[in-house]
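K.L.:
no sequence for this one, just the structure:
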């Protein structure tokens with residue numbers, strides 16, 4: 001025993017316990033307050049002092065619960081709740097959540113929710129970020145220690161190689177429009193959305209084209225993430241691209257630069273660009289089809305107007 005707090009617990013190994021303890025402790029504390037298990041002060045005592053005394057009993061009982069849990073675990077082979085949670089919950093969950101198929105499902109769900117106008121990241125990420133952030137921390141610790149990086153899928157991997165980030169999704173759609181579309185409205189949206197798209201802001205494109213509630217353009221939007229993530233995943237698996245180091249890269253960083261920074265290798269940027277080109281090719285037939293639909297609708301409306309005359 002060194003008498004100091006082990007610093008390993010402020011990293012990946014302690015993350016799950018920190019989340020659970022924060023949720024459980026606030027729940028217990030709130031429950032005790034609602035049951036009025038507090039020290040009652042006379043009415044003439046100032047409110048600020050009265051409130052500070054009212055927190056003593058709930059706070060003490062909440063701390064006592066976790067102190068008892070800590071003592072009980074010290075008498076087991078795990079010695080701490082951190083070791084227990086890490087071995088029986090965190091490691092299996094991280095292994096499952098960073099698997100190829102789980103990653104594909106999560107990324108597809110993000111795109112699917114966006115199709116209905118719901119911010120997909122706000123639905124999926126609160127669940128998956130807990131796992132992906134742990135993977136990022138473990139990669140970062142291994143990178144700093146000069147050891148092999150354990151995970152392909154991390155928070156940075158998802159941010160750099162998913163279509164839900166603007167450059168892969170929105171910017172590739174706008175590039176396809178510049179290449180093949182003759183529709184004035186689409187080209188105007190492309191002009192307005194291109195600069196934001198460079199910095200991974202997708203909303204002008206999603207609501208401007210629109211992709212939202214558009215069953216035709218939703219197809220490449222939803223299929224895109226499984227494709228680009230598969231490219232990046234297997235490029236990493238076979239050694240073309242190194243694993244992400246766990247270093248946080250701003251999500252607004254442009255395509256090519258962000259991948260290079262996340263992997264500490266130019267090949268990260270190259271794989272991003274390959275994914276971008278594949279996405280442009282995927283968007284083109286659907287942009288052409290939407291153009292055909294637009295022209296047919298325009299012709300139909302014109303004929304109906306002539307008939308009314």
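P.N.:
In hand now; what should we look at? No experiment lies behind these values; they were computed from the predicted model shown.

K.L.:
alpha carbons only for contacts and neighbour counts from here, please
P.N.:
Noted.

K.L.:
centroid residue for this structure?
P.N.:
residue 125 (4.3 Å; Cα atoms, centre = their mean).

K.L.:
got the contact list for that one?
P.N.:
By Cα atoms under 8 Å, 6 or more residues apart in numbering, no residues touch residue 125.

K.L.:
any idea of the mean pLDDT in stretch 246-261?
P.N.:
If you average the pLDDT over stretch 246-261, you get 92.

K.L.:
an error on my part: the question was meant for stretch 50-58.
P.N.:
Here the average pLDDT along stretch 50-58 is 80.

K.L.:
contacts only, for residue 231.
P.N.:
For residue 231, the contact set (Cα under 8 Å, 6+ apart) comprises 271, 275.

K.L.:
rewinding a little: separation between the residue nearest to the centre of the chain and residue 158?
P.N.:
Using Cα to Cα, to the nearest Å, residue 125 is found at 10 Å from residue 158.

K.L.:
and if you look at residue 42?
P.N.:
The value you get for residue 42 to residue 158, if Cα to Cα is used, is 57 Å.

K.L.:
the two: which has the busier surroundings?
P.N.:
Neighbour totals were compared for residue 42 and residue 158, and residue 158 leads with 21 against 7 (other Cα atoms under 10 Å).

K.L.:
residue 274 - how many residues pack around it?
P.N.:
Burial of residue 274 is recorded as 15 neighbouring residues (other Cα under 10 Å).

K.L.:
low-confidence ranges in the stretch 1-150 of the chain?
P.N.:
Along the stretch 1-150 of the chain, the model assigns pLDDT under 70 to residues 1-13, 15, 88-91, 93-94.

K.L.:
all helices for the stretch 151-300 of the chain, in order.
P.N.:
Using DSSP state H, counting those that start in this stretch, the helices found in the stretch 151-300 of the chain span residues 155-161, 172-180, 184-198, 203-208, 218-237, 257-263, 266-308.

K.L.:
make a markdown table out of those helices and add distance to residue 72.
P.N.:
As requested, the helices of the stretch 151-300 of the chain are arranged in a markdown table below (distance: least, Cα to Cα, whole Å):
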| stretch | distance to residue 72 |
| --- | --- |
| helix 155-161 | 35 |
| helix 172-180 | 56 |
| helix 184-198 | 54 |
| helix 203-208 | 51 |
| helix 218-237 | 42 |
| helix 257-263 | 42 |
| helix 266-308 | 47 |
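
K.L.:
what sits against residue 69?
P.N.:
residue 81.

K.L.:
mind telling me what element it is part of?
P.N.:
helix 56-74 (DSSP states H and E).

K.L.:
and the next helix or strand past that helix?
P.N.:
Next along the chain after helix 56-74, taking DSSP H and E as the criterion, comes helix 81-85.

K.L.:
ok, now how distant is residue 16 from residue 241?
P.N.:
From residue 16 across to residue 241, the span is 30 Å (Cα to Cα).

K.L.:
the more surrounded of those two?
P.N.:
Each of residue 16 and residue 241 has its neighbours counted (other Cα under 10 Å); residue 241 has more, 23 against 19.
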